[in-house]
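1. Model the following, please.
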Amino acid sequence: MSTVHPARVEEPARRTLVVMGVSGSGKSDISQAVAAELGWRHIEADHFHPRENVERMRAGIPLGDEDRIHWLDALIVEMQAALASGEGFVLACSALKRAYRDRLRAAVPGLRFAHLSIDHPTALQRVGARPGHFMPTSLVDSQFATLESPEGEPGVLCVDASQARQAVVAEVCAWVRHVTVGEAIQERVGFSAQSGDSANHIPGVQPQLTGEPIYTGGVARLFDRLTDGMMAVLMAFMVVVVFGNVVARYAFGTGWAGAEELSRLAFVWLVFVGVASSMRRGELMRFSMIRDRFPHLARRLVDSASWLLVAIASALSTLGAWNQVQFGWSNSSPVVGYPVVLAMVPVLACMAVLVLLALVQLVNVWRRPEELASPLANVTAD
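-> Numbers count the residues shown, from 1 in each chain. Modelled structure (predicted):
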């Protein structure tokens, strides 16, 4: 076989799956059901066979390696196009030989396979019951002769395809979700062991602790530099003031009464500036165990309701902070004497920013493909 297409993606793709097996194993039906359940795009590999291949199979002539090269390359182009557009996919493809699977893996790093295992008599019965399909029962023998079991290969699930359809779909979806979450956790554990902020030191890369950044680009980088700088200055100020006051008390028997008051003010600023920065980056804690069990449309509706509630709550907090700002203009702190309004300015600014970010995310829910979604297509013949 000729050289495979180089991969166009730099990182392993989690939202990808190939449902494979011999003809009659149920690839088309199962892959469509899995794609619908996960909210991923479905790709039917049979639709990418050139006319010559279809005619050969219709005549009962098995395909050789050379016959499948252009077919596999067409599937690679389709998979890479889906990833480039931000979509996950389920591909229904026989992928009978290890060489075929490796060709697809080389183009899409991290590609996973669900092998629908079935016995010869059941495959014959199912293929014979399909009206109008170009794969005749005479080619079932060649399918089993060509099949190189993927058992033991990395990223492969072997499923008994003789089970009920619902059981097979549930097993595949559960495996995909489990593996995807496990990979995400491992990546985040690895990220936490790294020094520095990759969002600022690796161009175009944002840390994804709990979700996608709400927005990216030049404005995002400017916002991150501003908030990171403010938090660094505030933290340094708190350390100097508190530590200096402790040293003064123990070394000279006296301290500065205003140190605690100013450190509390700096802490308020630090908290609310950090909240706005973390929300933009998608780093705030969230719980999605129940939400992830819903169908794709229901998940979007739940997300929309959640962000709408965040926007409303933040708007109410903004209004309350504004009332406190008006009150604070005429009041001063008891020790240092700074205007109390300084303690409410970060609350007002943070809550206003959270309103805008929540509204942007509300729009993103319907514009972006959903996270942890995946599969592309289905192929019933090879």
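2. For the stretch 151-300 of the chain, just list every one of the strands.
-> 156-160 (DSSP state E, counting those that start in this stretch).
3. which sections of it are below the confidence cut-off?
-> 180-212, 216, 283, 285-288 (pLDDT under 70).
4. One more pass at 90, please.
-> 151-155, 161-165, 176-225, 227-228, 230, 234, 237-300 (pLDDT under 90).
5. Would you map the helices across it?
-> Here the stretch 151-300 of the chain has its helices, by DSSP state H, counting those that start in this stretch, at 165-192, 198-201, 218-252, 258-281, 296-328.
6. Could you point out which of those sits nearest Glu55?
-> Glu55 lies closest, by Cβ to Cβ, to one member of those: helix 165-192, at 31.1 Å. Where you see a C-beta, it was placed from the backbone N, CA and C, and this is true even at glycine.
7. measure Met20 to Gly26 for me?
-> As for Met20, its distance to Gly26 is 11 Å (criterion: Cβ to Cβ, to the nearest Å).
8. which residues do those two both contact?
-> Leu116 (Cβ atoms under 8 Å, 6 or more residues apart in numbering).
9. any idea which of the helices of the stretch 151-300 of the chain is most buried?
-> Counting by mean count of other Cβ atoms under 10 Å, helix 258-281 has the highest mean neighbour count of the helices of the stretch 151-300 of the chain, with a mean of 19.
10. tell me what it is packed against?
-> For helix 258-281, the elements it packs on are helix 218-252, helix 341-367, judged by 3 or more Cβ pairs under 8 Å, 6 or more residues apart in numbering; DSSP states H and E.
11. So for Leu124, which of those helices sits nearest?
-> Comparing these by Cβ to Cβ, helix 341-367 comes nearest, at 46.1 Å.
12. now that closest one against helix 296-328, angle please.
-> Per axes from the mean of the first three to the mean of the last three Cα atoms, to 10 degrees, the angle that helix 341-367 makes with helix 296-328 is 160 degrees.
13. Packing partners of helix 341-367?
-> helix 258-281, helix 296-328.
14. ok, now with 10 Å
-> helix 218-252, helix 258-281, helix 296-328 (3 or more Cβ pairs under 10 Å, 6 or more residues apart in numbering; DSSP states H and E).
15. Dump the ones you listed to CSV, plus distance to Glu87.
-> Listed next are the helices and strands packed on helix 341-367 as CSV, based on distance: least, Cβ to Cβ, whole Å:
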stretch, distance to Glu87
helix 218-252, 23
helix 258-281, 23
helix 296-328, 12
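16. so which of these gets nearest Gly88?
-> helix 296-328 (10.8 Å).
17. so how far is that closest one off the chain centroid?
-> Taking Cα atoms, centre = their mean, to the nearest Å, one finds helix 296-328 lying 25 Å from the centre of the chain it belongs to.
18. what angle do it and helix 258-281 make?
-> Using the same axes, to 10 degrees: helix 296-328 against helix 258-281 is 150 degrees.
19. other SSEs contacting helix 296-328?
-> Against helix 296-328 (3+ Cβ pairs under 10 Å, 6+ apart) you get helix 27-38, helix 258-281, helix 341-367.
20. Can you say which of these is nearest to Arg103?
-> helix 27-38 (17.9 Å).
21. Packing partners of that closest one?
-> Helix 27-38 packs on strand 16-20, strand 41-44, strand 89-92, strand 112-117, helix 165-192, helix 296-328, strand 376-377, going by 3+ Cβ pairs under 10 Å, 6+ apart.
22. any chance of the ones you listed in JSON lines, with distance to Ala358 too?
-> Converted to JSON lines, those look like this (distance: least, Cβ to Cβ, whole Å):
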{"stretch": "strand 16-20", "distance to Ala358": "31"}
{"stretch": "strand 41-44", "distance to Ala358": "28"}
{"stretch": "strand 89-92", "distance to Ala358": "30"}
{"stretch": "strand 112-117", "distance to Ala358": "34"}
{"stretch": "helix 165-192", "distance to Ala358": "24"}
{"stretch": "helix 296-328", "distance to Ala358": "4"}
{"stretch": "strand 376-377", "distance to Ala358": "32"}
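23. Fine by me, thanks again.
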